[in-house]
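J.: Coordinates for the following, if possible.
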Amino acid sequence: MRIVTRLIAVSDLGCREIARRAGLPAQKVSDLLAGRLEHLSVDELQILHRTIDPHPTAH
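T.: Residues are numbered from 1 along each chain as shown. A predicted model of the protein is given here:
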């Protein structure tokens, strides 16, 4: 969750654009950035992560 939040924060895309590309309501992204993790499912978090970082590197 922290990785997704940081990726959103440093992204050149705005929250609305990230949400649009992920097929999620913009409010879901706003909720995540506000720390309301309980408003998102694991699947939604994974979709957001793949949307922001489609080619993840090994950590």
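J.: CA atoms for contacts and neighbours, from now on please.
T.: Will do.
J.: And for whatever helix or strand Asp43 lives in, what's in contact with it?
T.: Here Asp43, judged by DSSP states H and E, is contained in helix 42-52. Here helix 42-52 makes contact (CA atoms under 8 Å, 6 or more residues apart in numbering) with Met1, Val4, Leu7, Ile8, Ser11, Ile18, Ala19, Arg21, Ala22, Leu24.
J.: can you redo those as JSON lines with neighbour count?
T.: As requested, these are exported to JSON lines (neighbours: other CA atoms under 10 Å):
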{"residue": "Met1", "neighbour count": "14"}
{"residue": "Val4", "neighbour count": "18"}
{"residue": "Leu7", "neighbour count": "15"}
{"residue": "Ile8", "neighbour count": "22"}
{"residue": "Ser11", "neighbour count": "13"}
{"residue": "Ile18", "neighbour count": "21"}
{"residue": "Ala19", "neighbour count": "21"}
{"residue": "Arg21", "neighbour count": "13"}
{"residue": "Ala22", "neighbour count": "20"}
{"residue": "Leu24", "neighbour count": "16"}
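J.: low-confidence ranges in this structure?
T.: Scanning the chain for pLDDT under 70 picks out the ranges 1, 56-59.
J.: Quick one: the helices in it, in order.
T.: Along the chain, the segments classed as helices by DSSP state H run 2-10, 15-22, 26-33, 42-52.
J.: circling back to that earlier point, for the contacts of helix 42-52, which two are the farthest from each other?
T.: Longest distance between any two of the contacts of helix 42-52 is 18.4 Å, between Met1 and Arg21; criterion CA to CA.
J.: what's the distance between the most centrally placed residue in the chain and His55?
T.: Centrality entry for the chain: nearest residue to the mean C-alpha point is Leu48, 3.7 Å, by CA atoms, centre = their mean. Counting by CA to CA, to the nearest Å, the separation of Leu48 from His55 is 13 Å.
J.: One more: Val4?
T.: Where His55 is concerned, Val4 sits at a distance of 14 Å (CA to CA).
J.: Wait, His39 touches Ser30, no?
T.: No - counting by CA atoms under 8 Å, Ser30 is not a contact partner of His39; they are 10.1 Å apart.
J.: out of everything not next to it in sequence, what's closest to Ala19?
T.: Nearest residue to Ala19, sequence neighbours excluded (CA to CA, 6 or more residues apart in numbering): Ala26, at 5.1 Å.
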